[in-house]
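Visitor: just coords:
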């Protein structure tokens, strides 16, 4: 949440040592209003948890490190909610890979067994490509593999792509060195 809310504190939850170790700073049950007069306050309690945020070393933000979470999970431990929030990007990146990289934008079936089969086939294809090539699959590699399997591209085309050196680390290093030179001290 943003910092422009006006929470009416109903109860302050005590912080356990586990919650403090997980970076939880505040755990409260509140009703929320962003007008300050309470006229438009929520009609149900919400749990407001403030956790210490991790700052990316390349993008430091002064005094904006804390993250405010509002949840309806009133009975779960605060450290569990903090852990769920910290793992959110791992989950988001996994589904992004599934939708964009592996082409699972639309479901072929709306029944659970059909969704399971589509999901497992996509993940197995990604793992097999990684095991065979030793590279992280990207869109172009998956596209070229599909062209090869359908008979449009030849094996030489696919192997030329697989054997092409990965210059990502070299390019990233050169870019970082350029930024180091441009930094005004």
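Guide: Cool, got the structure. Everything quoted here is computed from the prediction, not taken from an experiment.
Visitor: So what touches the longest helix seen in the chain?
Guide: In the chain, with assignment by DSSP state H, the single longest helix is helix 112-133. For helix 112-133, contacts defined as Cβ atoms under 8 Å, 6 or more residues apart in numbering pick out 97-98, 101-104, 107-109, 136-137, 141-142, 145, 162. Backbone N, C-alpha and C define where each C-beta goes, glycine included.
Visitor: model confidence over that helix, on average?
Guide: For helix 112-133, the mean pLDDT works out to 85.
Visitor: Stretch 14-28 now?
Guide: Mean pLDDT, stretch 14-28: 90.
Visitor: Which residues are in contact with residue 9?
Guide: By Cβ under 8 Å, 6+ apart, residue 9 lies in contact with 28, 29, 30.
Visitor: Could you identify which of these has the most neighbours?
Guide: residue 30 (20 neighbours; other Cβ atoms under 10 Å).
Visitor: is it fair to say that one lies in a helix?
Guide: No: Residue 30 is assigned strand when assessed by DSSP: H, G, I helix; E, B strand; the rest coil, not a helix.
Visitor: pretty sure it contacts residue 49?
Guide: No: using Cβ atoms under 8 Å, residue 30 makes no contact with residue 49, being 10.4 Å away.
Visitor: related to what we said a few turns ago, ok, the contacts of residue 9 vs residue 172, which is closest?
Guide: Lowest distance from residue 172 to those (Cβ to Cβ) belongs to residue 28, with 42.5 Å.
Visitor: To which secondary structure element is the closest residue to the closest one other than its chain neighbours assigned?
Guide: Spatially, and ignoring its direct neighbours in sequence, residue 28 is nearest to residue 48 (4.8 Å; Cβ to Cβ, 6 or more residues apart in numbering). Using DSSP states H and E, residue 48 sits in strand 46-52.
Visitor: Distance to residue 93 added to the contacts of residue 9, as JSON lines?
Guide: As requested, these are arranged in JSON lines below (distance: Cβ to Cβ, whole Å):
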{"residue": "28", "distance to residue 93": "31"}
{"residue": "29", "distance to residue 93": "32"}
{"residue": "30", "distance to residue 93": "31"}
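Visitor: related to what we said a few turns ago, against residue 16, how distant is the residue nearest to residue 28?
Guide: 17 Å (Cβ to Cβ, to the nearest Å).
Visitor: Relative to residue 125, how far out is residue 131?
Guide: Counting by Cβ to Cβ, the gap from residue 131 to residue 125 is 11 Å.
Visitor: So for those two, which residue has more residues nearby?
Guide: Neighbour count, other Cβ under 10 Å: between residue 131 and residue 125, residue 125 has more, with 17 against 8.
Visitor: how long is stretch 52-65 from one end to the other?
Guide: Length of stretch 52-65, first residue to last, Cα to Cα, to the nearest Å: 6 Å.
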